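In: sequence below, structure please.
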Amino acid sequence: MVNPEANRCGNNAVVVLCNCPDTTVANTLAHGLIEARLAACVNLLPPIQSVYRWEGRIETAAEVPLLIKTTGERYPAVEAWLAEHHPYDVPEIIALPAQSVFQPYLAWLQSETLEK
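Out: You can find the predicted model right below:
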């Protein structure tokens, strides 16, 4: 059974997945999201290998994943910002709502993503 309090706490937190072509782009996007107060924290994960279909062909690419922590309220702005600044024609931008979040972390996340 889901704890209603946990759901309430988690409803406002979102983790956004976004793959980048290299570490330089990943760092640039991460810093830009933080500077714009669109995210409270961005993790750059170790490079991964992605296999996908693009324009009818199966492709393989090394990519650097970003885990972007933000709020549901800021997600539309995060999506728009990434779409504008990402070098891919169709960047991977996938938002996953958090089911539950440690309340002090959620408070910090919300304060760091307030528009100033």
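
In: list the helices and strands the helix or strand encompassing L109 packs on?
Out: L109 is part of helix 103-112, with elements assigned from DSSP states H and E. Where contact means 3 or more CB pairs under 8 Å, 6 or more residues apart in numbering; DSSP states H and E, helix 103-112 is packed against helix 4-10, strand 57-71. Using the backbone N, CA and C atoms, a C-beta is placed for each residue, glycine as well.

In: and W81, how many neighbours does it have?
Out: Counted with other CB atoms under 10 Å, the neighbours of W81 add up to 18.

In: contact partners for it?
Out: W81 makes contact with 32-33, 36, 38, according to CB atoms under 8 Å, 6 or more residues apart in numbering.

In: recalculate using a threshold of 6 Å.
Out: L38 (CB atoms under 6 Å, 6 or more residues apart in numbering).

In: surely it forms part of a helix?
Out: Yes: applying DSSP: H, G, I helix; E, B strand; the rest coil, one finds W81 inside a helix.

In: does N43 really touch L67, like I thought?
Out: Yes: using CB atoms under 6 Å, N43 is in contact with L67, at 4.2 Å.

In: more crowded one of the two?
Out: L67 (16 against 12).

In: could you measure from R74 over to P97?
Out: As for R74, its distance to P97 is 13 Å (criterion: CB to CB, to the nearest Å).

In: between the two, which has more neighbouring residues?
Out: R74 (25 against 13).

In: leaving out sequence neighbours, find the closest residue to the more buried one.
Out: T113 (4.9 Å; CB to CB, 6 or more residues apart in numbering).
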